[in-house]
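Asker: Pasting the sequence and the predicted model now:
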Number of protein chains: 4
Amino acid sequence: MRADAQRNRQALLGAAERLLATRGLTITLDDVAAEAGLNVATAYRHFANKQELFEAVVREEIDRAASIVADAAANPDAEAGMRDFLAQTLALITTKRSLHDILTPGVADRWLSELDARLEPLLGELIERGQRTGVVRAGVQPGDLGVVLQMLCAVTDIPSSDPEALRIRYLELLLDGLRATGGSGSLPGRAPSSRVARQSLEQEMKSRTHRGAGHAVRADPARG
Amino acid sequence: MRADAQRNRQALLGAAERLLATRGLTITLDDVAAEAGLNVATAYRHFANKQELFEAVVREEIDRAASIVADAAANPDAEAGMRDFLAQTLALITTKRSLHDILTPGVADRWLSELDARLEPLLGELIERGQRTGVVRAGVQPGDLGVVLQMLCAVTDIPSSDPEALRIRYLELLLDGLRATGGSGSLPGRAPSSRVARQSLEQEMKSRTHRGAGHAVRADPARG
Amino acid sequence: MRADAQRNRQALLGAAERLLATRGLTITLDDVAAEAGLNVATAYRHFANKQELFEAVVREEIDRAASIVADAAANPDAEAGMRDFLAQTLALITTKRSLHDILTPGVADRWLSELDARLEPLLGELIERGQRTGVVRAGVQPGDLGVVLQMLCAVTDIPSSDPEALRIRYLELLLDGLRATGGSGSLPGRAPSSRVARQSLEQEMKSRTHRGAGHAVRADPARG
Amino acid sequence: MRADAQRNRQALLGAAERLLATRGLTITLDDVAAEAGLNVATAYRHFANKQELFEAVVREEIDRAASIVADAAANPDAEAGMRDFLAQTLALITTKRSLHDILTPGVADRWLSELDARLEPLLGELIERGQRTGVVRAGVQPGDLGVVLQMLCAVTDIPSSDPEALRIRYLELLLDGLRATGGSGSLPGRAPSSRVARQSLEQEMKSRTHRGAGHAVRADPARG
DNA sequence: TATGAATGAGAGTTCATTCAT
DNA sequence: AATGAATGAACTCTCATTCAT
């Protein structure tokens, strides 16, 4: 690809990421192009349609995130590893509101399903080590960590003057829930397999991107 | 004449609720009016704009839900009360996907902020009783229950062949986290005050309703 | 380098011809270039714009066709000559739907006006011979053959399971009309001069190519 | 329907008719609306899409034309009847270039197929009477008149300083062909049934309206 | 008061044409 | 000379909202 094209493609992805982060899925391709200093048609040279651009943003994020998270999960100290894994992943998703917006609901699950091949073994081992050390209760499965992550994401949405503190508070609560020495023994039921969701990404985005809230409320009901 | 208006208003709210439940925020005011057997213009006689109608739906739900949940929280058995409170609230939100769709993220928090006046004392007492019985760790505050609720909502979004089982699994995990006898002692930080969020409702809806993803993507974008 | 250019030019013309034949005037210059294995910009090195390329296609066809038809008209048997002339020309136009699509209406007329210099004398002689033999009524002029041709073109557009039979049926009817021994004597009025139309080619193409029906209608215009 | 709506609907049809007449199928719905002094969206209230509006124009014309033509065909003098039928129909189509543009190719055929139920018996009788009087050769069928009409339409497209004279000239030629006492006896083959084409109207219009000539040549290649 | 109808302002997408490599 | 890429100007269709009956 030509140098300028490369640059423009990146500009578009960056613009999309930025706007998605601040304004969510409701942005216009015109907006994205403008933010990138380009014409809409140029966006269409690089991406078949709006959806494809958005998906490209998501996949980019996922790729960039994968190694980071995997490293955290590799921590030899099981408890620290678990905490780090959750915290880092959470931080990533939080930073990239685009991801959050696009992927919620099911954010972490989907995210994990993308990382699956790489991550599931690591998480399995992490849990096992934790169980041997006594910081993880019996019956915890890799999929549970995905769910826990998702629950933490929900916490992220709570407006607060100190979001970080909030996240820590409930991270502890959840880690304690995962440890649960005095509790009800092993967890009832089973964790969801994290492999399911992959195919639904496209579907989901389509439904959320298509005919969003329509034209909805006029920003400035100017005239009529 | 007063009766007619009242009936129409209810018809509109009902229609909106139904359509929001099934199709989410993408619905048209025309659609709502049609579902109600009325004309759009009539909707505008009752509600200043789309947003107000949607908000009215939410408030309706909240009002209807308030007493139900309060009853659950009044259970003399602290643990059962807590479990019931969470389960019932969760069930309500889950049933009304409209609520969920509109309010997520921040659903429970907002929801709670509405119920606040009525609920906070009840929850506070519930927690206290729990702490006396040993089923609730030190430092747990009413606001924490709101957060826990929100986390459970997130679980609801995970696709599963047995969603009920999933909810139970993580309800237990969270209750254990709230009990956490063997854990790290009291929770770090503080629960969010449940009073904050109210004002942001309007804002939030605006941003989520506004400038949807515009119009559809061609069914067959390829040729013509 | 001269050879390359020549080859590319031919490739473009060929591609345009093929695509015009199959898809009519709706084709894109991008399409044409792609079919030719070239880039659009290259098309613009050879032709000032879309219109010029299309016109070039037409002129190419005409040039290629000229001699063929002239031969047919040279048949010593007047009746056979006339029949052959019409049939062959018709066949040509029919085969090249591109021509047809672009030039109709006015196809034969224009076509003839191009061939004019070469053809009119031949046709004049053909008619004279026919009149001497009694197979052509008085008052028939070269221009009439052009018109007859055009009428046969119209027949070509009628959908039929046996188009060939249709063409023959009306070719006979027209030949009988040209003979018309028992009829109203000589034809009223005069045949059009075949020299007129040339200038309007450009105009015509412009109006037919210009501002197509814009973009497609949604495949599924209903919902989304 | 409300009075103003009725008026607007007519305005749209009229505008479409006028513009179709002058500019063919390439017109924009925006253009039509503007010509009608209305907004595009209003056009969409009355017609589901561009195509439907155009089809409505055509059907309107057809309805308006039906009785006129039927009357002509009812003339007791067979020859005059035939001549009148052809001339009147021709005049109609010629006046309404919209019809012509939309329906060509296959104009008369389709047109006839619409009128079929009403017309075919009349035409059959007309021919029979003609055959008894000796002004129509053996083997002529109702469908032949449709074809003859189509051939005359083709003549209409020939630019001329005296189009009327041209039409008369070839009308005579064709009538002589239909009479053909001295000719080759009965016509070879069979006339097309005029019943076929109806279904293809929609198809045809779709293909001709969709992605017309694309955006094609800029009217004023102003900038770039 | 309630409705049918009208409208302005987009949003997504396409394409002829030009610019930079 | 040829290409890849960029662009401006359309065009179709939608929808929140307002006007006229």
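Answerer: Ah, there it is.

Asker: wait, doesn't A:Val135 sit right on A:Ala180?
Answerer: No: judged on Cβ atoms under 8 Å, A:Val135 makes no contact with A:Ala180 at a distance of 10.4 Å. Quick note: C-beta positions are derived from backbone N, CA and C, even for glycine.

Asker: ok, these two, which is more surrounded?
Answerer: Between A:Val135 and A:Ala180, counting by other Cβ atoms under 10 Å in any protein chain shown, A:Ala180 is the more crowded of the two (27 against 22).

Asker: The more buried one and B:Leu173 touch, don't they?
Answerer: Yes: A:Ala180 is within contact range of B:Leu173, at 7.3 Å (criterion: Cβ under 8 Å).

Asker: Report the set of residues contacting both of those two.
Answerer: Common contacts of A:Ala180 and B:Leu173, defined by Cβ atoms under 8 Å, 6 or more residues apart in numbering or on different chains, are absent altogether.

Asker: Tell me which stretches of chain A form helices.
Answerer: For chain A, the helices defined by DSSP state H occupy A:3-23, A:29-35, A:40-46, A:50-73, A:78-95, A:97-103, A:107-133, A:142-156, A:163-179, A:200-209.

Asker: Pick the most buried one from those helices.
Answerer: Among those, helix A:142-156 has the highest mean neighbour count (mean count of other Cβ atoms under 10 Å in any protein chain shown), at a mean of 25.

Asker: between that helix and helix B:142-156, how big is the angle?
Answerer: Helix A:142-156 runs at 130 degrees relative to helix B:142-156, counting by axes from the mean of the first three to the mean of the last three Cα atoms, to 10 degrees.

Asker: And chain B, is helix A:142-156 touching that?
Answerer: Yes: for helix A:142-156, a contact with chain B is found by Cβ under 8 Å from any Cβ of the partner chain, at A:144, A:147-148, A:150-156.

Asker: Relative to the whole chain's centre, how far out is that helix?
Answerer: 10 Å (Cα atoms, centre = their mean, to the nearest Å).

Asker: at contact distance from chain C, anything in stretch A:22-31?
Answerer: No: Stretch A:22-31 lies out of reach of chain C by Cβ under 8 Å from any Cβ, never closer than 14.7 Å.

Asker: Stretch A:69-78 spans what distance, first to last residue?
Answerer: End-to-end distance for stretch A:69-78, by Cα to Cα, to the nearest Å: 15 Å.

Asker: now what about it, what contacts it?
Answerer: Stretch A:69-78 has contacts (Cβ under 8 Å, 6+ apart) with A:81, A:84-85, A:87-89, A:92, A:115, A:118-119, A:122-123, A:126-127, A:129-130, A:132-133, A:135-136.

Asker: rerun at 10 Å
Answerer: The contact list for stretch A:69-78 (Cβ atoms under 10 Å, 6 or more residues apart in numbering or on different chains) reads A:62, A:80-89, A:91-92, A:111-112, A:115, A:118-119, A:121-123, A:125-136, A:145.

Asker: and chain D, which of the residues you listed contact it?
Answerer: Among those, not one lies near chain D by Cβ under 10 Å from any Cβ of the partner chain.

Asker: Quickly note the distance from A:Ala16 to DNA strand F.
Answerer: Per Cβ to the nearest atom of the strand, to the nearest Å, A:Ala16 is found 15 Å from DNA strand F.

Asker: From what I see, that residue and A:Gly24 are in contact.
Answerer: No: counting by Cβ atoms under 10 Å, A:Ala16 stays clear of A:Gly24, with 11.7 Å between them.

Asker: A:Arg137: what's it in contact with?
Answerer: A:127, A:130-131, A:177-181, A:183-187, B:173, B:176, B:182.

Asker: now do 8 Å
Answerer: So A:Arg137 contacts A:131, A:178-181, A:183, A:185-187 (Cβ under 8 Å, 6+ apart).

Asker: Ok, A:Ala33 next?
Answerer: A:12, A:15, A:39-40, A:42-43.

Asker: That one and DNA strand E, how far apart?
Answerer: Computed as Cβ to the nearest atom of the strand, the A:Ala33 to DNA strand E distance reads 8 Å.

Asker: separation between that residue and A:Leu19?
Answerer: From A:Ala33 over to A:Leu19 the distance is 10 Å, taken as Cβ to Cβ, to the nearest Å.

Asker: Over to A:Asp4?
Answerer: A:Asp4 is 22 Å from A:Leu19, by Cβ to Cβ.

Asker: what sits against A:Ala154?
Answerer: Counting by Cβ under 8 Å, 6+ apart, A:Ala154 has contacts B:105, B:150-151, B:153-154.

Asker: Leaving out chain neighbours, which residue sits closest to it?
Answerer: Spatial nearest neighbour of A:Ala154, chain neighbours left out: B:Ala154 (3.9 Å); criterion: Cβ to Cβ, 6 or more residues apart in numbering or on different chains.

Asker: quick one: terminal-to-terminal distance for stretch A:181-189?
Answerer: Taking Cα to Cα, stretch A:181-189 runs 18 Å from one end to the other.

Asker: quick one: low-confidence ranges for chain A?
Answerer: For chain A, applying pLDDT under 70 flags the ranges A:64-66, A:96-118, A:182-184, A:193-224.

Asker: got the residues of it near chain D?
Answerer: Checking chain A against chain D by Cβ under 8 Å from any Cβ, there are no hits.

Asker: Walk me through the domains of chain A.
Answerer: Chain A breaks down by automatic domain parsing into domains covering A:1-47, A:51-209.

Asker: D:Ala191 is nearest to which of those?
Answerer: Among the domains of chain A, domain A:1-47 comes nearest to D:Ala191, with 50.9 Å by Cβ to Cβ.

Asker: Could you give the separation of the closest one from the chain centroid?
Answerer: With Cα atoms, centre = their mean as the basis, domain A:1-47 stands 21 Å off its chain's centre.

Asker: Then stretch A:168-179?
Answerer: The chain centroid and the centroid of stretch A:168-179 are separated by 20 Å under Cα atoms, centre = their mean.

Asker: got the CA positions of it in PDB?
Answerer: What follows is stretch A:168-179, C-alpha atoms only, in PDB (Å, rounded to 0.1, in the frame of the first residue of the first chain):
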ATOM      1  CA  ILE A 168     -10.700  -1.600  43.500                       C
ATOM      2  CA  ARG A 169     -13.400  -1.900  46.000                       C
ATOM      3  CA  TYR A 170     -15.400  -4.300  43.900                       C
ATOM      4  CA  LEU A 171     -12.400  -6.000  42.500                       C
ATOM      5  CA  GLU A 172     -11.700  -7.000  46.100                       C
ATOM      6  CA  LEU A 173     -15.200  -8.000  46.600                       C
ATOM      7  CA  LEU A 174     -15.100 -10.300  43.600                       C
ATOM      8  CA  LEU A 175     -11.700 -11.800  44.500                       C
ATOM      9  CA  ASP A 176     -13.100 -12.600  47.900                       C
ATOM     10  CA  GLY A 177     -16.100 -14.100  46.200                       C
ATOM     11  CA  LEU A 178     -13.700 -16.300  44.100                       C
ATOM     12  CA  ARG A 179     -11.900 -17.300  47.300                       C
END
